[in-house]
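>>> sequence below, structure please.
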Amino acid sequence: VFEISRINRSIKHKQKMKIQSTALAMTLAVATAFSPSLPKSSPLMHEASPLLSSSTTTTTTTLAAAAAAEEEVPPLKRNPPRNIALLIEPTPFTHVSGYANRFKEMLRYLSKAGDNVDILTVDSKTPKEDLPKQSFGYDIEHTQGFVFPLYDHISLTFDLPEMRGAKMMERRRPDLIHVTSPGFLLFAGLFYARVMRIPLLLSYHTHLPLYARNYLK
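Okay, here's the model as predicted:
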C-alpha cells in the first residue's frame, strides 16, 4: 500500500512539473512574439528552448499538413455529372435572404461541376410574366401554390393538381431528389421518391417551434 502511494505521488509530481514547464514555454513564446528584444542568452530562454523548439516544430508541421489538405480538395468535376431534381419552397429566386443566397451558391457550384439540375418551385405573389425562367443556366418551373396564412411573405405548395414535379422527372429521370423542408412540397417529394424509387435528400432550413413562439405572440 505504501509503495503504491509513493508511486502515485511520484506520478502526480511529474505531471505537475510537465504542466509547469509547458506553461513556462507558452509564456516565453508569447513574450518573444511581442518583445523581440528579449535576449536569446537569457537563462529562461535557454531552459525553455527545447520546449519552444518542439512547440515551433509541432506548429509548423500542423500548418503544413493543413495547407497540404487544402491543396488536396478534390476538383468539382472529379465525378461524372449527376441529374438532380431540386424541389424548393419558398422560392429563393425573387427575394434576398440567407436562404436564397444558400441555394444560389449551391446552384453556382453544381453548374461548375457540370451537373444537370431541374428546378421546381412556387411563387404565388409574383406576377406570372415576372417569374424568373432560369438560374445559372438551369430551367425553373413554377407550380401552383398558396400564400401561407400565418406568414404571407411566402408561397407554399403540394404540387397539386398539376404534379409538375412528376412530369419534370419523367422527362429526365434524376439520380437524386433534393427537397427543402419544413413545408408542404416535401410530401410531394416523398411521394415521387417512393413511387419512382429515387434517392431522396431533405434539407432543413427553418426551426418552426422557435419561429412560432415569436410570430404567434
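>>> list the contacts of R82.
For R82, the contact set (CB atoms under 8 Å, 6 or more residues apart in numbering) comprises 115-116, 175-176. Heads up, the C-betas are built off the backbone N, CA and C, glycines and all.
>>> put the buried members of those residues into a ChimeraX selection.
In ChimeraX, this line selects whichever of the contacts of R82 come out buried by 16 or more other CB atoms under 10 Å:
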select :115,116
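>>> which of the contacts of R82 fall in strands?
With DSSP state E as the criterion, strands contain 116, 176 from among the contacts of R82.
>>> need the contact list for the residue nearest to L185 when sequence neighbours are not counted.
Using CB to CB, 6 or more residues apart in numbering and skipping the chain neighbours, the partner closest in space to L185 is E89 (4.4 Å). By CB under 8 Å, 6+ apart, the contact list for E89 reads 121-122, 145, 154-157, 180, 183-185.
>>> just to revisit the earlier point, spatially, which two of the contacts of R82 are the most separated?
Greatest spatial distance in those: N116 and L176, 11.0 Å, computed using CB to CB.
>>> find residues that contact each of the two.
Common neighbours of N116 and L176 (CB under 8 Å, 6+ apart) are 82-84.
>>> ok, S97 to E89 distance?
Distance, S97 to E89, using CB to CB, to the nearest Å: 13 Å.
>>> and D139, by the same measure?
17 Å.
>>> just the strands in this protein please.
With strands called from DSSP E, the chain shows them at 83-88, 116-121, 134-135, 138-142, 146-147, 155-156, 176-181, 200-204.
>>> among the ones you listed, which comes closest to M169?
Nearest to M169, of the strands of the chain and by CB to CB, is strand 83-88 at 5.6 Å.
>>> buried stuff in the closest one?
For strand 83-88, by 16+ other CB under 10 Å, it's 84-88.
>>> about what we covered before: pLDDT added to the shared contacts of N116 and L176, as TSV?
Below are the shared contacts of N116 and L176 laid out as TSV (pLDDT from 0 to 100):
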residue	pLDDT
R82	95
N83	97
I84	98
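>>> a markdown table for the residues you listed, including distance to P74?
As requested, these are exported to a markdown table (distance: CB to CB, whole Å):
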| residue | distance to P74 |
| --- | --- |
| R82 | 15 |
| N83 | 20 |
| I84 | 18 |
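>>> of those residues, which is the nearest to R171?
If you rank the shared contacts of N116 and L176 by distance to R171 using CB to CB, N83 comes first, at 10.5 Å.
>>> show me what contacts that closest one?
For N83, the contact set (CB under 8 Å, 6+ apart) comprises 115-116, 118, 172-176.
>>> repeat that for 10 Å
115-118, 169, 172-176, 198 (CB atoms under 10 Å, 6 or more residues apart in numbering).
>>> ok, so of those residues, who is nearest L210?
Nearest to L210 among the contacts of N83: L176, at 29.2 Å, using CB to CB.
>>> looking at it, the closest one is touching L87, isn't it?
No - judged on CB atoms under 10 Å, L176 makes no contact with L87 at a distance of 11.2 Å.
>>> now for those two: what residues contact both?
193, 200.
>>> which ones are touching G98?
92, 205.
>>> show me what counts as buried in stretch 183-195.
Under the neighbour-count criterion of 16+ other CB under 10 Å, stretch 183-195 has 183-186, 188-189, 192-193 buried.
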